[in-house]
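S.K.: Need coordinates for the below:
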Amino acid sequence: MNKFKILTLLLFFPFLMFSLMIGCSNQTTEPIAKKTVAPPQNLKLILKATPLDSTASPSTTAVVSWDASVAESNADFKGYRVITVELNNSNQFVSVLQEQAITKSEHTHSIDNIDVMTKYQTYVVAELTDGTRSDSLKTPVYSGVFYNTNGSIDSYTSSGNSQSGYGWDIKTGEGTQCSYNPANSKKIDLHLREESTGELFFKSPDFLDGLVKNYKYTRILLIGFGQEIFDETMIDRPDSLFRTEAQVITDGVYLLETQEGYYIKIWVKNYGKAGDLSYYNVKFYYKVQPIVGLRILKR
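M.R.: Just a heads-up that it's a prediction; the model follows:
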């Protein structure tokens, strides 16, 4: 090869390499699509508790349920995974309490023996056979509750045997009926009065504080009627709706916020004249949430 040909090749070679590089850089590679699966829908939470006045040991079970993922009919759809975690007082993760795989034909799961003084949160995801998981749905923060069916309170009389005060021990969930007098002022969370019209009203114990000091205050709200409302788990009511009194109505469900910030739900079962017929007696069921600020209350 003569010197001219060699010189020509040397000059052409860089141009060839540059052309190849330009050609390669113009070739695009389509990104590989990430596999996904649609999540379950409409996650719900209820808390079932045994009554304190029953022969069974008090316990709470959390039950989560959901509607199917739209991908459930696909061949590679495996099912669901339910993960329940424990939280600290600041609602930060502490540990996994339970993780359970659920077949795709099931849309509910129970978490037994929920502690009344521990915060929990439950997550549900859909899962494919290759391990792909959907985005998660999560419950609100919750804990166990106390539940009882023996609530009883009388309307106030200035003399006689009526016991128109009622209060709760947050540590045990037990309610106690007592006389409305200064000696019991720190025990009473709810008071009952008959108005001159003959109507009954639940009242904040401190409603007479202009005359008698040191009674506790309670905010009260009628939230609905019947079993369905009493069984409502998420109680989403603006604080501005709470009052210091509410008329007593049979089958009415009331949400109380105590002075200490605990929420209690009561369900009026019936009322009528009692004792010497000079005062009324109201019978009710109740549920107590023993963690400050939580409104998760369920039978």
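S.K.: Okay, helices next: where are they in this protein?
M.R.: Using DSSP state H, the helices assigned to the chain run over residues 3-25, 226-230.
S.K.: For the protein, which helix or strand comes out least confident on mean pLDDT?
M.R.: Every helix and strand in the chain was compared by mean pLDDT, DSSP states H and E; the lowest is helix 3-25, with a mean of 47.
S.K.: I'd like to know how many residues surround the closest residue to residue 204 other than its chain neighbours.
M.R.: Sequence neighbours aside, residue 244 is the residue nearest to residue 204 in space, at 4.2 Å (criterion: C-beta to C-beta, 6 or more residues apart in numbering). Every residue, glycine included, has its C-beta placed from N, CA and C. Residues lying near residue 244 (other C-beta atoms under 10 Å) number 15.
S.K.: ok, now the one 4 residues further on?
M.R.: The number of residues packed around residue 248, counting by other C-beta under 10 Å, is 22.
S.K.: Can you tell me how far the residue nearest to it when sequence neighbours are not counted is from residue 285?
M.R.: Excluding its sequence neighbours, the residue lying closest to residue 248 (C-beta to C-beta, 6+ apart) is residue 200, at 3.9 Å. From residue 200 over to residue 285 the distance is 17 Å, taken as C-beta to C-beta, to the nearest Å.
S.K.: So what touches stretch 164-179?
M.R.: 52, 58, 116, 145-148, 150-157, 162-163, 180, 184, 187-193, 205, 258, 260, 262, 264, 279, 286, 288, 290 (C-beta atoms under 8 Å, 6 or more residues apart in numbering).
S.K.: What's the per-residue pLDDT of residue 1 here?
M.R.: Note on residue 1: pLDDT of 53.
S.K.: what's the answer for residue 214, then?
M.R.: pLDDT at residue 214 comes out at 84.
S.K.: Pretty sure it sits against residue 185.
M.R.: Yes - between residue 214 and residue 185 there is a contact under C-beta atoms under 8 Å: 4.9 Å.
S.K.: list the contacts for residue 122?
M.R.: Counting by C-beta under 8 Å, 6+ apart, residue 122 makes contact with 45, 62, 64, 82-85, 111, 138-139.
S.K.: ah, wrong one, I meant residue 200
M.R.: 155, 192-194, 247-248, 271, 280, 282.
S.K.: which regions of the stretch 151-299 of the chain lie under the pLDDT threshold?
M.R.: The model of the stretch 151-299 of the chain has pLDDT under 70 over residues 209-213, 232-238, 275, 295-299.
S.K.: residue boundaries of the strands in it?
M.R.: Secondary structure of the stretch 151-299 of the chain by DSSP state E, counting those that start in this stretch: the strands cover 165-168, 175-178, 190-194, 200-203, 219-225, 245-247, 252-257, 263-274, 279-289.
S.K.: Kindly reformat those strands as a markdown table containing distance to residue 99.
M.R.: Listed next are the strands of the stretch 151-299 of the chain as a markdown table, based on distance: least, C-beta to C-beta, whole Å:
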| stretch | distance to residue 99 |
| --- | --- |
| strand 165-168 | 35 |
| strand 175-178 | 37 |
| strand 190-194 | 41 |
| strand 200-203 | 43 |
| strand 219-225 | 35 |
| strand 245-247 | 43 |
| strand 252-257 | 34 |
| strand 263-274 | 30 |
| strand 279-289 | 26 |
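S.K.: out of these, nearest to residue 134?
M.R.: Among the strands of the stretch 151-299 of the chain, the nearest to residue 134 by C-beta to C-beta is strand 279-289 (31.1 Å).
S.K.: Quick check: neighbours of the closest one in the sheet, parallel or antiparallel?
M.R.: strand 146-154 (antiparallel), strand 263-274 (antiparallel) (DSSP bridges).
S.K.: Tell me the buried residues in the shortest one?
M.R.: Residues 146-148, 151, 153-154 are the ones in strand 146-154 that count as buried (16 or more other C-beta atoms under 10 Å).
S.K.: Closest one of those residues to residue 69?
M.R.: residue 147 (33.1 Å).
S.K.: coming back round to it: mind checking which of the contacts of residue 122 are in strands?
M.R.: Among the contacts of residue 122, the ones falling in strands (DSSP state E) are 45, 62, 64, 82-85, 111, 138.
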